[in-house]
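1. What follows is a predicted protein model with its sequence.
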Number of protein chains: 4
Amino acid sequence: MTKIRAAIAGGTGYTAGELIRILINHPEIEISSILSTSSVGTAISTIHRDLFGETDMRFTDKLMNPDVLFLCLGHGLSREFIDSHTINEKCKIIDLGNDFRLSSNYKEREYIYGLCELNHNEIAKSSSVANPGCFATAIQLGIIPLCTNDMIKDDVHVHAVTGSTGAGKKLTDTGQFSYRTSNFSVYKPFTHQHLDEINKTVFAVSGKSPQINFVPMRGDFTRGIFTSIYTKCNYTADKIVEMYKEYYATSPFVHISEEPISLKEVINTNKCLIHIEFHNGYIHITTIIDNLIKGASGQAIQNMNLMFGLEENTGLKLKPTAF
Amino acid sequence: MTKIRAAIAGGTGYTAGELIRILINHPEIEISSILSTSSVGTAISTIHRDLFGETDMRFTDKLMNPDVLFLCLGHGLSREFIDSHTINEKCKIIDLGNDFRLSSNYKEREYIYGLCELNHNEIAKSSSVANPGCFATAIQLGIIPLCTNDMIKDDVHVHAVTGSTGAGKKLTDTGQFSYRTSNFSVYKPFTHQHLDEINKTVFAVSGKSPQINFVPMRGDFTRGIFTSIYTKCNYTADKIVEMYKEYYATSPFVHISEEPISLKEVINTNKCLIHIEFHNGYIHITTIIDNLIKGASGQAIQNMNLMFGLEENTGLKLKPTAF
Amino acid sequence: MTKIRAAIAGGTGYTAGELIRILINHPEIEISSILSTSSVGTAISTIHRDLFGETDMRFTDKLMNPDVLFLCLGHGLSREFIDSHTINEKCKIIDLGNDFRLSSNYKEREYIYGLCELNHNEIAKSSSVANPGCFATAIQLGIIPLCTNDMIKDDVHVHAVTGSTGAGKKLTDTGQFSYRTSNFSVYKPFTHQHLDEINKTVFAVSGKSPQINFVPMRGDFTRGIFTSIYTKCNYTADKIVEMYKEYYATSPFVHISEEPISLKEVINTNKCLIHIEFHNGYIHITTIIDNLIKGASGQAIQNMNLMFGLEENTGLKLKPTAF
Amino acid sequence: MTKIRAAIAGGTGYTAGELIRILINHPEIEISSILSTSSVGTAISTIHRDLFGETDMRFTDKLMNPDVLFLCLGHGLSREFIDSHTINEKCKIIDLGNDFRLSSNYKEREYIYGLCELNHNEIAKSSSVANPGCFATAIQLGIIPLCTNDMIKDDVHVHAVTGSTGAGKKLTDTGQFSYRTSNFSVYKPFTHQHLDEINKTVFAVSGKSPQINFVPMRGDFTRGIFTSIYTKCNYTADKIVEMYKEYYATSPFVHISEEPISLKEVINTNKCLIHIEFHNGYIHITTIIDNLIKGASGQAIQNMNLMFGLEENTGLKLKPTAF
C-alpha cells in the first residue's frame, strides 16, 4: 500500500521536531519534505540532534505535493504560507498555529477545531484542521463534559502550569536556564490568549458563557501542562465521575484516574489524565498532558489519523518517559 | 556585652539547620546547645554538611539553661519536649512546630502567633511564640491588609506551590529525585492543615470568615513558596496598592513590587515580595517567600529579635542566591 | 502468528517498568505475566503510574511457562529466583542483574554477556544472556574498537556521570530531591563494580589488561549516562574514526557523531552516540546512552530480538524525549 | 570611621550582581557607584531583581573617584575601560575579567594574580589584582600543595563540571532551559583557556610544567564547580593529607574534608572544600566552590579585604543555601 506523504512547514521548531520524531515511525506515513526557509540544505539531525542516526533527510523549500501538510510556523504566519505556496486542494492541512482557531474560514477551506475528543466526526470528514492550543487542550478536556451537560453554574477557576518548551525555541530572558531553574512565576493572568478558544468552545457546546478565570504559570520543567480547575457543583460525585468516564469511553487517550495524578505520568505520550475530587461544594478537576504531544504534535497526528480514516492511535503508542 | 544564649531542639532537621546557618553569624547570639536525641556526640557538620569549617559544635542532649529555646521538633512533639525538660521560666520559647498555633496556652505560657508583621507589638512583649506555618505565612501576608480593612467580600481563591524542603527530611516516595524532578502535582486540595491558622487570623482581624479555597501544589524545586490569590474586589487599584504599601511601610522584609515577581527573587532571604494586579473585577495578589526562612527559621529569628528588643533585621541581612 | 510470551520477574522496579513500557508495544510480544512477591494482585498501573490506561494487568506470582523470562531482581537475587522456580529449559532467560556477568555458568545454562554489538552472533545462538551494566555498556561501546585493534597502549582515563534512576527505586539520602537537585558528587572512584565486567571484556578481545581509571559521578538528572574517556594514542584521527564507523556499521543503535554530543540526544531511546576528538597525543571519546534503555531494558529487548531471530530493532524504534 | 568607597564597572552582569549582594552588607564598604553603559538611570533592582527592597541605587556612568574599583566587564574589555576613564592612582583595581591574568603589567600598574591562598602577602601589598578564573580557582586550590612540594611526577588528569552561570548572562542556545535541563556535555576538552593561568601558576611554584589534561563539563545546575583531579602519587596518604591541612591552616575558606564532598556544601559561600583519596597508585582530589563567589566575586572581595588590611573574611560569612 502506498504511504501517505506528509510535509512539514516550519521544520526547525519544537512542534515540527516532535512531528518528525513521531511520523518517522508512523506505519502509514512517509515524510516527503521538511521545509525551512532558514535552513535549506541542512541535515534535519543538525537541528534536531536526537534524530542523528534516524534520518538523512535535509531541510528543503520544496513542498513536493504532499497528501497532508502540517503548518508549524509562528502564530500568524500560516496565512502567509498558504498565500505564497501552491497547495493542491486535495492536500489536507493541519495548522498547529493559532491562525484558524477563532476565524475558521480562509481561501475556500473551513478549518475544523481539532480537539479530537470533541469534534471527532467533523474532523474525520474535514480536509482542514486548526489544531488547538496546549493550555486550551488541557483545560477544555477538563471541563467539556460539564459544559456539555450544562453543569457549570458559576465562575470557573483555573490555574495551569506549563513547561519551558511551551514558549518555543526563541531565545528569551525567561527561557534562560540560569533564570528558570528552580524558579516559578505567573504570566498573563486572566488574559492569556487561549481563553478565546476555550470560551468559543464552551459557548458552542453549552450556549453559555461562564467567566473563566485563568492564571497561567511558568514551571520549572521542560514538558507538560498541569491544570487545577474548580467551580461550584451541586451534583453528586459518583454521577459526575461516571459522566466523565462515559464521555471519554471511546477515546484511546483520555482516561479518568481515581488516584491523584502527577505530571510525569503522561510525559512523552499523547495521553490526557483527569482526576476529580469534591470539596466544600466545589468540583475540583486536575488534568495533565504533554504540551508538545497531546498539546500540539501528537494531537495533530491524531487529527491526521481521523482525517485519513486510520485508527485514531496509529503511530501514537509512544513509550512514556516516566522519570 | 554578653550574648544571648540560644538552644535548638530537634537539631538535625531542615529548619534547625537553617537556624544554625543564620544564628552562627548573628552578632548578638551565641548558640549554647543543639539538641538531638538521635545524634548526641555527632558533629553538627556531619549532618549539616555545608557547616563544615564553620563550627566544631556537636549535638548534645543538654539544654544548658539558654536565654531562648527554638523547638524544631516534628509537629505535635513540642508539648512532649516541654513536659520532659526543665525550662527556666525566664527562657523565651519559639516553637517552629504547629503545637501552639491554634491552641495557644500551655503550662502557664501563652504562645503569641508569630506573624511578625501582624503581631509585632504583642510579640515584642511576649516570652513565647508560635511560629507560623510556611504556606500560612505566604498567604496571610498576601491578604491581611484586605482583611484588616474589611475588603474581602467573596470567596478567596488560592493556589500555592512549595519546594521539596517543605516536606522535611523524612524519606518518602514523593520526595525522591527520580519522582519529583520535572514533576508537578496537587496535594490536600481544600483541606491543607494551614487553613486553620489562616482562618483564625482572618477572623481575628476582620471578624469575618470568608471561604478560602486553597489548592497546595508540589513544585520542582527545593526552596520557596509562590502563592497566587484572587478574590472579587470593587475598590480602585491605586487605593489598594497604596494601602498595602502603608500596611508594610515599617516592615524591613515585606515589599510591594510594581513589577511581576518570580520565586527566586527571595530565595535564601527573609523577604516577602507582593505584587498586585486587577482583572475582570478581581484583585490578583502574588506573593513569594523562602519557605525555610521567612516561612520558618528566618521568621523565628525575626521573632527572637523582637522579643529581645533587637533591631528586627539583626542577623537577617542575608545574601540572596538569585540563581 | 503466535506471539512470543514474555514474563518479567521483579516487576515493580525501574528496569521492569521500562521493559513493560517497551514490550507493551512490541509487535511480536505478549506479556504473559509480571511477577512481584510484594504486590501480587495489585494493578501494574498502580506502581507504574504512566501505564494507567495502557494495561489492566496485575502483578502475579505465577510464571505461566513463558518463552522468555526477564529477571529484574536486585543484584545477587537471580540465582535465588532460578532455584525457587520451575523454568522450562526451552525458556530463554535474560538477566538484568549482575549475577551472571562475571560467572557465566549456572544450572546447565551458560549466560552470554549481552553486549549486542560485541557478541551479536553468540547471543543469537544462546538461550541465556547476562545483560551488561549501564556504566559498563557506555564505557565498553566507547573503547571496544580500540581494544579489538590492540590500540590501547597506556592507562585509560574515564569519568562518567549517571542519572538518579541508576540507583534504583530504594529510598536513600542521596536519592532525595532536596539533596540531589543542583548537586554533583563522585562515588566509588576507582572501585566501581562495573570495572570487573569491563576488564573482563577488554581482556577477552585484546588479551591485554590496561589499567582503567574510572571515576563515576552522580548527576543532577534522572536518566542517562555521559562518559568522557581518554588514553594516549598515536594513530591518525581519520583512521580511528573510520575504524569506529566500520565497527558499528551494522549496528542499528550505535552511531559515530562528527559533532560533539550532549546527553539528551539519546534519552528515551536505545541509541548510543559516540564522538571522538584528538588532543595532545590523546584520543578523547565521549559516549552517551539512556541508562535505563540501552543501559538496561532496551538492550535486554535487543538481546531478546537477537535470540528469537527478530530484526534487532523490532519494538525499539522509540520516540526520543529530546527535551 | 569612613567607609571604603567601592565602584563596580559592568554592573548588570552576574559577577557584578554578586558583588553588590555581598558588598551591600559588608561593614566597611559603601558602594559609591555601579556603572553600566547600557542602563544608566535604571534602578539596580530592575536588573538584579532579588535586590528589590535592598537598595534604591541606580546605574550610572560616573566613576565618582572610588577607593576601589571592581571591573566586571567582558573578557578583554578591562583595558578599554581603563583607557577611557580617569582612575585615581590611589584607587585600587580588582579585575574580574581575564585581561591581566597572564599579562600582568599595564599602564604603570602590576596586577597580582589574586588567588588569595597562594599570593596572600603580595596581594596585601598590591594596588591591582587580577582575579582568577573560576575553573582555575577550583583546580589550583586542588593541586597547589602538591606543586609547591614538587610532588607532581606525571600527567594531571582533571574533569570539572560547572553551572550555567559560568557562561554569563548572554543569551545562547546552550544556555536555554529547554536545552540544558537534565542535559550534560563536554566543551573545549584539553583546550580551555583557564589552562594557561593554571600552567603559569604551576610553573611559578614548582618550576615544572606537567601536562594537565582538563576536560570541562556543562552541568545541569546554575551554581558551582566540582573538580575531580588525579595524578600518580607514591607518597603516603597520611603525609599528603597532613600537608594539605597545613598548607590551608590559616585560610578561613579552604578546608580539607575527611568525608566525600558534594557540590551543594559550598553553594552561596566563599568556601572551597577539598577531599583526598588514594587508589591504585593515584592520588584523587575532589574540590568544590561556588563559581560566582569563591570563583569570582567572593574571591574579589577577599582580595579587597587583604588589600585594605581588613580581616580576610570580613563581609564574607555568608549563609549557605544548603539545598
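-> Thanks, I have it.

2. distance of the spatially closest residue to A:S39 that is not a sequence neighbour from B:D67?
-> Nearest non-adjacent residue to A:S39, counting by CB to CB, 6 or more residues apart in numbering or on different chains: A:F59, 4.3 Å away. Yep, even glycine has a C-beta here, placed from its N, CA and C like the rest. Going from A:F59 to B:D67 by CB to CB, to the nearest Å gives 72 Å.

3. same deal with A:F253?
-> Distance from A:F253 to B:D67, by CB to CB: 63 Å.

4. before we move on, what about A:Y113?
-> 68 Å.

5. most remote residue from chain A's center?
-> Relative to the C-alpha centroid of chain A, counting by CA atoms, centre = their mean, A:N280 is the outermost residue, at 32.3 Å.

6. Contact partners for it?
-> B:190, B:211, B:213 (CB atoms under 8 Å, 6 or more residues apart in numbering or on different chains).

7. mind listing the strands in the stretch 201-323 of chain A by residue range?
-> A:212-218, A:225-232, A:254-257, A:272-279, A:282-289 (DSSP state E, counting those that start in this stretch).

8. Adding mean pLDDT, distance to chain D and mean neighbour count, write those out as TSV.
-> Output for the strands of the stretch 201-323 of chain A, formatted as TSV (pLDDT from 0 to 100; distance: least, CB to the nearest CB, whole Å; neighbours: other CB atoms under 10 Å in any protein chain shown):
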stretch	mean pLDDT	distance to chain D	mean neighbour count
strand A:212-218	98	10	23
strand A:225-232	98	15	24
strand A:254-257	98	26	20
strand A:272-279	98	22	21
strand A:282-289	98	17	26
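
9. Let's have the ones you listed in a markdown table, adding distance to chain B.
-> As requested, the strands of the stretch 201-323 of chain A are arranged in a markdown table below (distance: least, CB to the nearest CB, whole Å):
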| stretch | distance to chain B |
| --- | --- |
| strand A:212-218 | 5 |
| strand A:225-232 | 4 |
| strand A:254-257 | 12 |
| strand A:272-279 | 4 |
| strand A:282-289 | 5 |
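
10. now for these, which one comes closest to D:N131?
-> strand A:212-218 (34.5 Å; CB to CB).

11. Against which helices or strands is the closest one packed?
-> Contact partners of strand A:212-218 among helices and strands, from 3 or more CB pairs under 8 Å, 6 or more residues apart in numbering or on different chains; DSSP states H and E: helix A:134-148, strand A:156-162, strand A:185-186, helix A:194-206, strand B:156-162, strand B:225-232.

12. do the last one and chain A meet at all?
-> When you say that, I think you mean strand B:225-232. Yes - contact of strand B:225-232 with chain A is found when judged by CB under 8 Å from any CB of the partner chain, involving B:226, B:228, B:230.

13. and which of the residues you listed is nearest to C:H120?
-> Closest to C:H120, out of all of the residues of strand B:225-232 next to chain A and judged by CB to CB, is B:F226, at 53.0 Å.

14. Identify the residue spatially nearest to the closest one, adjacent ones excluded.
-> Leaving aside its sequence neighbours, B:F226 sits nearest to A:F184 (CB to CB, 6+ apart; 4.5 Å).

15. For stretch A:166-182, buried residues please.
-> In terms of neighbour count (16 or more other CB atoms under 10 Å in any protein chain shown), stretch A:166-182 has its buried residues at A:166-167, A:169, A:175-182.

16. now these as CSV including secondary structure?
-> Output for the buried residues of stretch A:166-182, formatted as CSV (DSSP: H, G, I helix; E, B strand; the rest coil):
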residue, secondary structure
A:G166, helix
A:A167, helix
A:K169, coil
A:G175, helix
A:Q176, strand
A:F177, helix
A:S178, helix
A:Y179, helix
A:R180, helix
A:T181, coil
A:S182, coil
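
17. Of those residues, which ones also sit close to chain B?
-> A:178-179, A:181-182.

18. Would you mind putting the residues you listed into CSV with distance to chain C alongside?
-> CSV is the format used below for these (distance: CB to the nearest CB, whole Å):
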residue, distance to chain C
A:S178, 12
A:Y179, 14
A:T181, 7
A:S182, 7
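
19. Now do the phi/psi pair for A:T236.
-> phi -80, psi 150 (degrees, to the nearest 10).

20. how about it, what does it touch?
-> Taking CB under 8 Å, 6+ apart, one finds nothing in contact with A:T236.

21. and the gap between it and chain B?
-> To chain B, A:T236 is 17 Å away according to CB to the nearest CB, to the nearest Å.

22. do A:T162 as well
-> Distance from A:T162 to chain B, by CB to the nearest CB: 10 Å.

23. ok, now A:F52?
-> A:F52 is 23 Å from chain B, by CB to the nearest CB.

24. what do you get for A:V241?
-> 16 Å.

25. who's in contact with that residue?
-> Contacts of A:V241 by CB under 8 Å, 6+ apart are A:256, A:276.

26. Try it again at 6 Å.
-> Residues in contact with A:V241 (CB atoms under 6 Å, 6 or more residues apart in numbering or on different chains) are A:I276.

27. swap in the one 10 residues further on?
-> Residues in contact with A:S251, defined by CB under 6 Å, 6+ apart, are A:E117.
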